[in-house]
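1. need a structure here:
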Amino acid sequence: MSSDRIVKAIPGIFIMISGSEDKQTSADVFNVGSFNLPDTAGKAGGACTSSLLKVLTEYQEQMTWLELLQRMREVLDSKGFEQNPQLSASRLIDADSRFEIVPQKSIQMRKARRAVLIGINYVGQKGQLSGCHNDVENIKRYLIKEQGFMEKDMLILMDDGKHHAPTRRNIIDAFTRITQYSEPGDIVFIHYSGHGGRVKDENYDEEDGYDETLIPVDFKASGHIVDDDVFNVLVKPMKRDVQVTVLMDCCHSGTALDLPYEMESTDSNMQVKSTFDMGLLKEPTTIACLACCALCMLDDLFATLL
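-> Below is the predicted model of the structure:
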């Protein structure tokens, strides 16, 4: 796999923390108090979000990315959860490099910090959750208090009647807007807490035969958001050297962004994802060019007939 080709196709620097492997489900915690988090927004919350915040709260000293995963796994295991947190990235990062959401260089350069926070409880629907709104509030509080983000630079989607609704269109629009607003060196944090799913892979780019999905609040009418779509509207268009940290707290989230490198809490280093589809790196203009050529040929044909 060519790293140069990956950098060219994915200019942004993405690091995603996911709450489970593709084959695993993610838990909704009904007593976040057991995680001993400070000033929680409510009793319920996602296991991944809660374990991450507990680790970040208790370990104020510097830690590596691998230590972060291992400590999250320890917290989850101590609470009886079997899910295995993972890290995936658009660059081959050193497992022993320092965990940081806002790199020191960005602080020195006073780069902008923006966030997209999505929490879906599916209020009134079958499969209603209870902790996703709390997850968003807890992450928002952490980003503001500990990472220097400002609420005015956060786009929040929740099905609570107070914020923008987390519909399929609004989620896609939020991803699109964050790529448009962000400039090289800026910091972006994206958090999704809700249902995740799997659908049959229609373009045969998944080894297990399934695409991982995010499930918007209006999924019955609008369908799921497939990982290929997230890759095309969020990952590929992000400008060069924008630092993006993504927290996916949902089922089947291990490869939700289809990034080329991955690492689990039981690994010692990050590795190339053996099943990464290099076809994802193709320029999107290829199909457009073919269509354009076809139209030109049709014009020529009509011209000879007239």
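
2. Only C-alpha atoms from now on, for both contacts and neighbour counts.
-> Fine.

3. so where do the strands sit in the stretch 151-300 of the chain?
-> In the stretch 151-300 of the chain, the strands defined using DSSP state E, counting those that start in this stretch lie at 154-158, 187-193, 196-200, 210-214, 225-226, 243-249, 261-264, 271-272.

4. which intervals of the stretch 151-300 of the chain have sub-threshold pLDDT?
-> 200-210, 252-255, 275, 277-300 (pLDDT under 70).

5. how many other residues sit next to residue 150?
-> Residue 150 has 16 neighbouring residues, counting by other Cα atoms under 10 Å.

6. My guess is it contacts residue 142. True?
-> No - the criterion here is Cα atoms under 8 Å, and residue 150 misses it with residue 142 at 10.9 Å.

7. For burial, what's the neighbour tally of residue 3?
-> Neighbours of residue 3 under the rule other Cα under 10 Å: 12.

8. Got the confidence number for residue 116?
-> Per-residue confidence at residue 116 stands at 98 (pLDDT).

9. Could you pull up the residues touching it?
-> 154-157, 174-175, 178, 188-191 (Cα atoms under 8 Å, 6 or more residues apart in numbering).

10. any chance of those in TSV, plus neighbour count?
-> Listed next are the contacts of residue 116 as TSV, based on neighbours: other Cα atoms under 10 Å:
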residue	neighbour count
154	20
155	17
156	22
157	24
174	22
175	18
178	21
188	24
189	24
190	19
191	23
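
11. ok, back up a step: columns distance to residue 137 on top of the strands of the stretch 151-300 of the chain, output as JSON lines?
-> Listed next are those as JSON lines, based on distance: least, Cα to Cα, whole Å:
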{"stretch": "strand 154-158", "distance to residue 137": "10"}
{"stretch": "strand 187-193", "distance to residue 137": "11"}
{"stretch": "strand 196-200", "distance to residue 137": "20"}
{"stretch": "strand 210-214", "distance to residue 137": "20"}
{"stretch": "strand 225-226", "distance to residue 137": "23"}
{"stretch": "strand 243-249", "distance to residue 137": "14"}
{"stretch": "strand 261-264", "distance to residue 137": "27"}
{"stretch": "strand 271-272", "distance to residue 137": "33"}
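
12. Residue 169: which of those is closest?
-> Taking Cα to Cα as the criterion, strand 225-226 is the member of the strands of the stretch 151-300 of the chain that comes nearest to residue 169, at 9.6 Å.

13. That concludes my questions; thank you for your assistance.
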